[in-house]
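sequence unavailable; structure follows:
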């Protein structure tokens, strides 16, 4: 039980191979079509940052609500959060490709476009980068605090660490809710600078927990297959399945709320966002997003007995991993690159990022105990039953 | 052949659960359990198939189809009115209406189906197996038993606080 993860050679090799594929894809992309590569870099940054932030929000939620069922495997979301500092570096690289992604960043656009000129005090390159630095600083500090508290707790049995983690979690969730919404608005919504949705940031923030839970499930079963977490039982699977089911409803609700109001209000400057997506060449991906993230998980997870089966959980989680990619593709690409492209660059870059993300997560897991040693609710979690 | 209803009275649900497992493994016919609170383990051990979910699903499907037909008739066939430049038949705005009507009707029908099946109505006197079932005791009701003495032995052995016998002919 008091073991930490050791990276096996085959896993390390596979992940390194994925990273090499990713590097090749990035180089190919920059040689052939930089305008297509930059939005893809943004997409993958946001994709994995979404999972990281969602995992940390999940981790904080467990402390805030005093949940005991997840105490056993709460090091998984903590390890997933390790990507946040890396994402900071990768996001700062976006600086060099701002003109390829954002319409408002193109030089001289303020003279021809009145609306962007009006928004210029907020949407300008220096302020954009300053905000980015502030967001990451505000996320990384509480993350590092939570991580060091978790490691200290393993060495010394003291309830104070739990209480302090609980407090830092409250601070973190406040920061995450506020600033991850703003980050989503900054990085994704401003691609379509003429359009706005007041729901956008909230939706990105809430659904991040959805995808984080899917990733946690996949990682949990991966580690279980390696012999960790022998106490993982039906009740844990039940709770994870309920998480997915409820968030599928939340996703469907927010997705439809944004779509219906904007589509039916019939205000041209708002409807223009859905014009290419709902009627244009993005049509099939638009429906695929809805089905993969809402309809299929909702129907499959509805029955309790089906939802908590291991193959079903793994299947739905894998579906959501693809669903998030399609969701972000539909959000980012029409406004930046403009044409639907799917090829080696897209797939290779995602694979590369996934390899890097997994390597960082597993490395972080190998640096601490897999199961918290002195967590006050550990016994409750190990013997969790309904 | 005279059969008897045997009722075991328990103070502790964990003992009841243990007894339930023993009786089930011996193939005793368990009729019902009455008690002041729900217990997940008891529910898992003793579940009776309910047909109420089928009623709900069928009502839901029927309601969605009927509402869709109604909206379609009203807005496309009977009174096709163009507003906001949208096509006469446009699905997105229907979703909310279908969803809400479906919930309302299904909820209502399910409730009344349940009340009807259980023959309940507001102001009906409660049919308690024993007044203590609403207080702090659990009642395990065993019906149609052909070996009452043996069952009573099992009940006593596993720690029932009290055993009540009733003749079915009464």
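Alright, I've got the coordinates. Everything numeric here is computed off the predicted structure, so don't read it as measured data.

got any ranges where chain A has weak pLDDT?
For chain A, the stretches with pLDDT under 70 are A:1-2.

what parts of it come near chain B?
Within chain A, the positions adjacent to chain B are A:256, A:259, A:260, A:263, A:264, A:266, A:385, A:386 by CB under 8 Å from any CB of the partner chain. For every residue, glycine as well, the C-beta is placed using N, CA and C.

which ones among those residues are found in helices?
Secondary structure from DSSP state H places A:256, A:259, A:260, A:263, A:264 of the residues of chain A next to chain B in helices.

can you tell me the centre-most residue of the chain?
Went with chain A since none was named. residue A:50 (1.9 Å; CA atoms, centre = their mean).

to clarify, I was referring to chain B.
For chain B, the residue nearest the mean C-alpha position is residue B:50 (5.9 Å; CA atoms, centre = their mean).

distance check, that one against chain A.
14 Å (CB to the nearest CB, to the nearest Å).

mind checking the SS state of that residue?
Following DSSP: H, G, I helix; E, B strand; the rest coil, residue B:50 is assigned to coil.

look up phi and psi at it.
phi -110, psi 140 (degrees, to the nearest 10).

what's the ChimeraX line that selects buried ones from the ones in helices among the residues of chain A next to chain B?
Command for ChimeraX that selects the buried part of these, burial taken from 16 or more other CB atoms under 10 Å in any protein chain shown:
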select /A:256,259,263
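
helices along chain B, start to end?
Using DSSP H, the helices of chain B run over residues B:13-25, B:40-45, B:52-72, B:92-117, B:148-158.

so which of those helices is the most surrounded?
With neighbours defined as mean count of other CB atoms under 10 Å in any protein chain shown, the helices of chain B peak in mean count at helix B:13-25, which reaches a mean of 17.

that one vs chain A: in contact?
No: contact of helix B:13-25 with chain A (CB under 8 Å from any CB) is absent, the minimum separation being 12.6 Å.

ignoring the adjacent residues along the chain, who's closest to whichever residue of the stretch 151-300 of chain A sits closest to chain B?
The stretch 151-300 of chain A approaches chain B most closely through residue A:266 (4.3 Å), counting by CB to the nearest CB. In space, not counting the residues next to it along the chain, residue A:266 is nearest to residue B:84; the distance is 4.3 Å by CB to CB, 6 or more residues apart in numbering or on different chains.

now residue A:243
Once flanking residues are discounted, residue A:243 sits nearest to residue A:213: 4.7 Å by CB to CB, 6+ apart.

which of the residues in the helix or strand hosting that neighbour are buried?
Element membership of residue A:213 [criterion: DSSP states H and E] is helix A:200-225. Applying a neighbour-count criterion of 16+ other CB under 10 Å, one finds A:200-221, A:223 buried in helix A:200-225.

next, count neighbours for residue A:31.
Per other CB atoms under 10 Å in any protein chain shown, the neighbour tally for residue A:31 reads 9.

correct me if wrong: residue A:194 contacts residue A:268.
No: the criterion here is CB atoms under 8 Å, and residue A:194 misses it with residue A:268 at 10.2 Å.

compare the two (neighbour count), which wins?
Set side by side, residue A:194 and residue A:268 show unequal neighbour counts under other CB under 10 Å, the larger going to residue A:194 at 15 against 8.

which residue ranges form the strands in chain A?
Shown for chain A, no strands are assigned by DSSP state E.

where does pLDDT dip in chain B?
For chain B, applying pLDDT under 70 flags the ranges B:1-3, B:144-146, B:168-170.

re the thing from before, of the ones in helices among the residues of chain A next to chain B, closest to residue A:374?
When those are ranked by distance to residue A:374 (CB to CB), residue A:256 comes first, at 44.8 Å.

give the contact list for the closest one.
Counting by CB atoms under 8 Å, 6 or more residues apart in numbering or on different chains, residue A:256 touches residue B:95.

same thing with residue B:19?
Here residue B:19 is in contact with B:8, B:10, B:140, B:154, B:155, B:158, B:159, B:160 (criterion: CB under 8 Å, 6+ apart).

max pairwise distance over those residues: which two?
B:10 and B:154 (13.1 Å).

tell me how far the residue of chain B found nearest chain A lies from residue B:20.
Closest contact between chain B and chain A, by CB to the nearest CB, is at residue B:84 (4.3 Å). Remark: distance between residue B:84 and residue B:20 (CB to CB, to the nearest Å) = 62 Å.

how about the residues of chain B by chain A?
Residues of chain B lying close to chain A (CB under 8 Å from any CB) are B:40, B:84, B:85, B:86, B:92, B:93, B:95, B:96.
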